[in-house]
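Trainee: pasted the sequence and its predicted model underneath.
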Amino acid sequence: MKKEKIQIKVLIEGDKAFNDDYNQNQKIKVLINKSLANLKIDSDGRELKREDGTPILDWDKTIEEINISAGECLRFFKKAPKPDRDKGFA
């Protein structure tokens with residue numbers, strides 16, 4: 001039985017977004033590569049997260065394995081820098 005494609009949105013800084021339809025058996029890295037090409041960005045220093053903030057770390061898993069739903073908006077933001085522990089708090 002052939003599964004329907006689902007639409008997934010990838011959001012980056014500045015409210016720039018890329019929407020596309022994906023087969024549920026496609027790997028997350030396909031979604032990432034299409035987003036990188038269309039948004040003209042580099043993946044270095046970026047982290048992919050679900051709408052609820054849960055990070056998606058294994059890009060070799062499929063959309064179905066990660067359980068991404070149709071219409072979900074993933075966030076692909078640059079990681080926030082960690083505070084310098086030597087300087088302490090203000």
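Mentor: On my side now, so go ahead.

Trainee: and I8, how many neighbours?
Mentor: 23 (other C-beta atoms under 10 Å). (Glycine included, C-beta is placed from N, CA and C.)

Trainee: which residues touch it?
Mentor: Listed by C-beta atoms under 8 Å, 6 or more residues apart in numbering, the contact set of I8 reads 19-22, 31, 63, 68, 70-74.

Trainee: next one: A17
Mentor: Contact partners of A17, counting by C-beta under 8 Å, 6+ apart, are 9-11, 73.

Trainee: now the buried members of those.
Mentor: Buried members of the contacts of A17, scored by 16 or more other C-beta atoms under 10 Å, are 10-11.

Trainee: among the contacts of A17, name the ones in strands.
Mentor: Among the contacts of A17, DSSP state E puts 9-11, 73 in strands.

Trainee: TSV please, covering these and showing pLDDT and distance to E47.
Mentor: Below are those laid out as TSV (pLDDT from 0 to 100; distance: C-beta to C-beta, whole Å):
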residue	pLDDT	distance to E47
K9	98	17
V10	98	12
L11	98	13
C73	98	15
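
Trainee: reformat those as JSON lines; add distance to T54.
Mentor: JSON lines is the format used below for the ones in strands among the contacts of A17 (distance: C-beta to C-beta, whole Å):
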{"residue": "K9", "distance to T54": "16"}
{"residue": "V10", "distance to T54": "15"}
{"residue": "L11", "distance to T54": "15"}
{"residue": "C73", "distance to T54": "13"}
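
Trainee: show me the two of those residues that sit farthest apart.
Mentor: Distance extremes for these: the farthest pair is V10 and C73 at 7.7 Å, using C-beta to C-beta.

Trainee: are we agreed that K29 is in a helix?
Mentor: Yes - counting by DSSP: H, G, I helix; E, B strand; the rest coil, K29 is located in a helix.

Trainee: all set, thanks.
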